[in-house]
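Chemist: After the sequence you'll find the predicted model.
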Amino acid sequence: MHRIYPILLLGLLLIGSMPARGQTLSLEDWPQFRGINASGVATGCPPPVSWDVESGKNIAWKTEIPGLGLASPIIVGEQVFIVTAVSDQRVPSLRTGLYGDIASVENEGLQSWQLYSLSLRSGKVIWKRILCTGQPTMKRHAKSSHANATPASDGNNIIVNLASEGLYCLSVDGDFRWKKKLGELDSGYYRVRDAQWGFASSPIIFQDTAIVLADVQERSFVAAYDLRTGRERWRTNRKDVPTWGTPTIVTGPSSSELVVNGYRHSGGYDPTTGRELWRLDGGGDIPVPTPIEGHGLIYLSSAHGESRPLRAIRSGSRGNISLQQQDATSEAVVWNNPKDGIYLQTPLVYGPDLYACRGNGVLSCYDSHTGQRFYRERLGGGGGFTASPVAAGGRLYFLSEEGEAYVVRAGQEYELLAKNTMGEVCLATPAISDGVLVVRTRGHVYGITQKNDDDHFFYVDSLVHIESEKSEREKREHQAVKP
């Protein structure tokens, strides 16, 4: 009985720290890119450490999804939602690996953009809706698709952003509610305007609005749309190069702020009005990672061009907080590791630590409060890593583009627990709900769950380990400031 108590205690702590959300969503839901507030962390029963696609070990189901889409799955209740784009001509190409080719894919023919609802328990297709059909307005990169943006849900509505093809709202039962035209959104390399790479920033939902970030070649903006009607509530123009990160809502002690990653302008906005709260310049000039929050700090990463910082910003900052050339930190910029930023993946805060994995599979663990690095280890050789990590039950899950799933124990010492092979290309970030790890590969969606109770005690011990590390850290910090 004493082994169960830590789970109940930690569950109460986690619930107490969660931001207020709509009553139709539960703590087990994964309603947007990287789950609640893009944290990448799931509560409750965790997925297994190991599985085997060929033998079926811990594989609950496998469902084929046509076309090409790199949008991540989301989970609401017993439904998994997946977006894809199906070509009428041929199997679309997808080039993985580490390379520097900036060219767009040509002559892809008509596309049918589709939204699928699958059963979380069986993988069975509950319904499918064709959102639109036509020639893509914009081209895509060879390691991209015409369906990159992950849907978002408040438990009643599903918001799908197809960029130049429009913003869509459906009910969770598949009923169309509204469509909003967003205009031509050209996401590409700002130095080579002909290099179109495909839109990827995912929508999020705040209160009764859907929020969209559109940093593109011309007329960039961030805007909020009424969930019931699609009417534009507010729009704030931005002057930045194209970016691909998803906005994040950070809930502070007195108010919420909408945080976006950028090159000329990372910053915070009032999510109810669009009014700018703070701004920060600098970083890599192709920002992809999504901002994340933890311990009262906002973590920003970017890496391309002359700069690749990993920075921690104090939430609730105001005004222009850009660092002066001679400054390493400031009141607002709590710590700054100028060479540690990552390019494609979104970092992960889990317990007291921050994890950041580079595109070549080199994983680093940091003190999330100070930026001190505890380790730097390579997950695997060759290939690339695009999907962002997720965590549950004291474990971190990393997927390589080649389809290798690495499971690492959370903590300040590196320990690889398992390496599992999916057998297909993986670029989408997984989702977790109620012990089910949902993985999207090049052509399928998998439901992975523990089929016995072997992992139960590992789960308890891992959670206690994380809380123990946190308590020890707080004790050391208290001793350090003692008079």
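Modeler: Okay, I see it. This is a predicted model, so every value here is computed, not measured.
Chemist: need the strands for the stretch 301-450 of the chain, in chain order.
Modeler: According to DSSP state E, counting those that start in this stretch, the stretch 301-450 of the chain carries its strands in the segments 310-314, 319-320, 333-337, 348-350, 353-357, 362-367, 373-378, 390-392, 395-399, 404-409, 416-421, 431-433, 436-440, 444-449.
Chemist: after the helix or strand of the chain with the lowest mean pLDDT, next one along is what?
Modeler: Using mean pLDDT, DSSP states H and E, helix 5-17 stands out as the lowest-scoring helix or strand of the chain, at a mean of 35. Downstream of helix 5-17, the first helix or strand assigned by DSSP states H and E is strand 59-64.
Chemist: partner strands of that following strand, parallel or antiparallel?
Modeler: Strand 59-64 has its sheet partners listed here by DSSP bridges as strand 444-449 (antiparallel).
Chemist: What angle do strand 395-399 and the partner strand make with each other?
Modeler: 160 degrees (axes from the mean of the first three to the mean of the last three CA atoms, to 10 degrees).
Chemist: Could you give the average pLDDT over strand 444-449?
Modeler: Averaging pLDDT along strand 444-449 yields 98.
Chemist: From the rest of the structure, what touches it?
Modeler: Applying CB atoms under 8 Å, 6 or more residues apart in numbering, the external contacts of strand 444-449 come out as 47-48, 51, 53, 58-65, 73, 80, 82, 118, 120-123, 422, 424, 435-440. Heads up, the C-betas are built off the backbone N, CA and C, glycines and all.
Chemist: And for stretch 295-305?
Modeler: Taking CB under 8 Å, 6+ apart as the rule, stretch 295-305 contacts 248, 250, 252, 259, 261, 263, 266, 268, 280, 283-289, 291-293, 308-315, 334, 341-343, 346-347, 349, 352, 354, 356, 358, 368-369.
Chemist: From those, list the buried ones, please.
Modeler: Among the contacts of stretch 295-305, the ones that count as buried by 16 or more other CB atoms under 10 Å are 248, 250, 259, 261, 263, 266, 268, 280, 283-289, 291-293, 308-315, 334, 341-343, 346-347, 349, 352, 354, 356, 358, 368-369.
Chemist: quick revisit: reformat the strands of the stretch 301-450 of the chain as CSV; add distance to A142.
Modeler: Formatted as CSV, the strands of the stretch 301-450 of the chain follow (distance: least, CB to CB, whole Å):
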stretch, distance to A142
strand 310-314, 27
strand 319-320, 38
strand 333-337, 31
strand 348-350, 27
strand 353-357, 22
strand 362-367, 23
strand 373-378, 25
strand 390-392, 26
strand 395-399, 19
strand 404-409, 21
strand 416-421, 24
strand 431-433, 25
strand 436-440, 19
strand 444-449, 21
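Chemist: Packed most tightly, which of these would that be?
Modeler: strand 431-433 (a mean of 28; mean count of other CB atoms under 10 Å).
Chemist: Show me which of the contacts of strand 444-449 are buried.
Modeler: Looks like the contacts of strand 444-449 have 47-48, 51, 53, 58-61, 63, 65, 73, 80, 82, 118, 120, 123, 422, 435-440 buried, using 16+ other CB under 10 Å.
Chemist: Can you give me the buried ones in stretch 128-140?
Modeler: 129, 131, 136-140.
Chemist: my bad, should have said stretch 102-109
Modeler: For stretch 102-109, by 16+ other CB under 10 Å, it's 104-105, 108.
Chemist: Show residues contacting that stretch.
Modeler: Taking CB under 8 Å, 6+ apart as the rule, stretch 102-109 contacts 87-90, 92-93, 135-136, 139-142, 144, 146, 188-189, 192, 194-197.
Chemist: got a pLDDT number for the most centrally placed residue in the chain?
Modeler: Closest residue to the average C-alpha location of the chain: R34 at 3.7 Å, with CA atoms, centre = their mean. R34 carries a pLDDT value of 98.
Chemist: same thing with the one 3 residues further on?
Modeler: The per-residue pLDDT reported for N37 equals 94.
Chemist: same check, this time on the one 10 residues further on
Modeler: In this prediction, P47 carries a pLDDT score of 98.
Chemist: Could you give the separation between the terminal residues of stretch 282-302?
Modeler: End-to-end distance for stretch 282-302, by CA to CA, to the nearest Å: 9 Å.
Chemist: same deal with stretch 378-386?
Modeler: Per CA to CA, stretch 378-386 runs 15 Å from first to last residue.
Chemist: now stretch 245-257
Modeler: OK, stretch 245-257 end separation, CA to CA: 16 Å.
Chemist: which parts of that stretch are buried?
Modeler: For stretch 245-257, using 16+ other CB under 10 Å, the buried residues are 245-251, 256-257.
Chemist: Dump those residues to CSV, plus distance to W234, pLDDT and secondary structure.
Modeler: Putting the buried residues of stretch 245-257 into CSV (distance: CB to CB, whole Å; pLDDT from 0 to 100; DSSP: H, G, I helix; E, B strand; the rest coil) gives the following:
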residue, distance to W234, pLDDT, secondary structure
G245, 20, 97, coil
T246, 19, 98, coil
P247, 14, 98, coil
T248, 18, 98, strand
I249, 15, 97, strand
V250, 18, 96, strand
T251, 19, 91, strand
S256, 15, 95, strand
E257, 15, 97, strand
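Chemist: of those residues, closest to E165?
Modeler: Closest to E165 out of the buried residues of stretch 245-257 is T246 (18.2 Å), distances taken as CB to CB.
Chemist: Could you list which residues are in contact with that closest one?
Modeler: Per CB under 8 Å, 6+ apart, neighbours of T246: 32-34, 38, 150, 201-204, 213, 290.
Chemist: Quick check: the farthest pair among those?
Modeler: So for the contacts of T246, where distance means CB to CB, the most widely separated pair is R34 and L213, at 14.9 Å.
Chemist: okay if I get the buried residues of stretch 128-140 as TSV plus pLDDT?
Modeler: Conversion of the buried residues of stretch 128-140 to TSV gives the following (pLDDT from 0 to 100):
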residue	pLDDT
R129	98
L131	98
P136	96
T137	96
M138	96
K139	95
R140	96
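Chemist: between the residues you listed, which is closest to G100?
Modeler: R140 (16.8 Å).
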